[in-house]
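Colleague: Sequence plus predicted model, see below.
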Amino acid sequence: MAEIDENAWFAQQRGVAISYLEKEGISAPEVGDVPAFHVSPYVSLWAVRSKKNPDAVGWWVIAGDLPTDYLSAENAAHPRTALAGFARIWKAAAECMLRGERHPDFQIGRKEDWPELGDLLLRRSGVLMSYSENETLWEKSG
């Protein structure tokens with residue numbers, strides 16, 4: 001695999017995250033300058049400043065070689081907990097998709113694509129959960 005320019009990748013993924021949040025109706029999101037967690041060039045997790053409490057993270061947004069998505073920081077104060085949260089939500093959604101059912105809170109793609117998308121989403125959720133459970137990835141961040 002060719003070496004990537006990590007700073008350029010960060011800038012690109014931050015732009016993806018901001019565009020996604022704006023498309024989702026979050027105006028002028030304050031996204032961190034660098035990801036709170038990353039495995040370049042696959043996963044970037046970004047802290048988004050709370051509008052109610054500017055000293056706190058209000059949301060997490062994830063981008064990379066996976067669906068771009070966001071999650072409230074209400075039950076995920078740390079990047080590690082946020083990754084696990086995305087993993088759980090995506091796993092539940094993937095399982096619904098693979099059964100041909102719509103998840104009540106999460107939708108991706110067209111129903112006819114759900115068998116393939118559900119499989120991909122299930123695999124991505126497993127990767128995120130393995131990152132959240134990998135102690136060596138979190139030793140330096142506390």
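Modeller: Looks like it arrived, so ask away. The shown structure was predicted, so the numbers you read here are calculated from the model rather than taken from an experiment. Numbers count the residues shown, from 1 in each chain.

Colleague: Mind pulling up the pLDDT for the residue most central in space within the chain?
Modeller: Closest to where the C-alpha atoms of the chain average out (Cα atoms, centre = their mean) is I62, at 2.5 Å. pLDDT, I62: 98.

Colleague: can you check I108 too?
Modeller: Looking at I108, its pLDDT is 85.

Colleague: cool, A2 as well?
Modeller: So A2 comes in at 61 (pLDDT).

Colleague: Which helix or strand contains the residue nearest to L117 when sequence neighbours are not counted?
Modeller: Spatially, and ignoring its direct neighbours in sequence, L117 is nearest to G109 (4.5 Å; Cβ to Cβ, 6 or more residues apart in numbering). C-beta coordinates here come from the backbone N, C-alpha and C atoms, glycine included. Here G109 sits in a region with no helix or strand, counting by DSSP states H and E.

Colleague: So what pairs up with V48 in the strands?
Modeller: V31, W59 (DSSP bridges).

Colleague: wait, isn't it in contact with A63?
Modeller: No. Applying Cβ atoms under 8 Å as the test, V48 and A63 come out as separate, 11.9 Å apart.

Colleague: Could you tell me whether the residue nearest to the centre of the chain really is in a strand?
Modeller: Yes. Counting by DSSP: H, G, I helix; E, B strand; the rest coil, I62 is part of a strand.

Colleague: Okay, it and P115: tell me how far apart.
Modeller: 23 Å (Cβ to Cβ, to the nearest Å).

Colleague: Which helix or which strand is home to R14?
Modeller: helix 6-23.

Colleague: Distance from the very next helix or strand once past that helix to the middle of the chain?
Modeller: Moving toward the C-terminus from helix 6-23, the next helix or strand (DSSP H and E) is strand 37-39. In terms of Cα atoms, centre = their mean, to the nearest Å, the centre of strand 37-39 is found 10 Å from the chain centre.

Colleague: G32: neighbouring residues, count only.
Modeller: Using other Cβ atoms under 10 Å, G32 is surrounded by 16 other residues.
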